[in-house]
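> here is my input, please return the structure:
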Amino acid sequence: MRYAVILEKTKDNWSVSIPDLEGCGSTGHTIAEALENVREAMILHLSGMAEDGDPIPDPVTLAEYVEVPPPKPYAQTPGVVVLPAHAEIRAMRTAAGLTQQKLAKASGVRQETISRIESGRTPLTPKMRRKLQGAMARRSKAPALRKAIAAR
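Numbers count the residues shown, from 1 in each chain. Okay, the predicted model is just below:
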């Protein structure tokens, strides 16, 4: 049987999930190691399902890549470059002198979520933007930056 797998780069390794095999996944320090580990996990998972008399799911998930042009900053006013939302949050957090961990604590948002937003893997909603900007404004070490963040 041939199942589609999803590989995601994390901070320290590669995480692999199998959409058609709920609850089955693995990790590895390299892609090759992650694929080897997930192959073993899939064999064990499917063997366990067969032993328990559970139906074996058909591999129905497909994977395809879609080409899109890279996002480009655009100028709102001459000489002013507006960054994509994820880059703006990262730049503001860095300028405020906050780590992702400190911002997570101040905002009540999980550090993993902040990391995914800053990498562009999770969209930044208006509500999340207000929450993060409010926490940055409260925790910023520079008074001028606090005012600038609060004004956004």
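> hmm, residue 139 and residue 102 touching each other?
Yes. Assessed by C-beta atoms under 8 Å, residue 102 is found in contact with residue 139 at 6.8 Å. The way it works is simple: take the backbone N, C-alpha and C, and place the C-beta from them, glycine included.
> buried set for the helix ranked longest in the chain?
Scanning the chain for the longest helix, with DSSP state H as the assignment, gives helix 31-51. By 16 or more other C-beta atoms under 10 Å, the buried positions in helix 31-51 come out as 34-35, 37-38, 41-42, 45-46.
> all strands for the chain, in order.
6-9, 14-17, 25-28, 74-75, 81-82 (DSSP state E).
> export those as JSON lines, with columns for distance to residue 58.
What follows is these, written out as JSON lines (distance: least, C-beta to C-beta, whole Å):
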{"stretch": "strand 6-9", "distance to residue 58": "18"}
{"stretch": "strand 14-17", "distance to residue 58": "17"}
{"stretch": "strand 25-28", "distance to residue 58": "19"}
{"stretch": "strand 74-75", "distance to residue 58": "45"}
{"stretch": "strand 81-82", "distance to residue 58": "47"}
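> any idea which of those scores lowest on pLDDT?
Looking at the strands of the chain, the lowest mean pLDDT belongs to strand 74-75 (a mean of 49).
> center of this protein - which residue?
What sits nearest the mean C-alpha location of the chain, by C-alpha atoms, centre = their mean, is residue 116, with 2.8 Å.
> re the thing from before, name the nearest of the buried residues of helix 31-51 relative to residue 91.
Closest approach to residue 91 among the buried residues of helix 31-51 (C-beta to C-beta): residue 34, at 31.6 Å.
> show me the shaky parts of this structure.
Scanning the chain with the threshold set as pLDDT under 70 gives 72-83, 140-152.
> and the helices in it?
31-51, 85-95, 100-107, 111-119, 126-139, 143-151.
> dump these to CSV, plus distance to residue 5.
Listed next are these as CSV, based on distance: least, C-beta to C-beta, whole Å:
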stretch, distance to residue 5
helix 31-51, 6
helix 85-95, 26
helix 100-107, 28
helix 111-119, 20
helix 126-139, 29
helix 143-151, 41
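> one step back: are there helices or strands packed against the longest helix of the chain, and which ones?
Secondary-structure packing of helix 31-51 (3 or more C-beta pairs under 8 Å, 6 or more residues apart in numbering; DSSP states H and E): strand 6-9, strand 14-17, strand 25-28.
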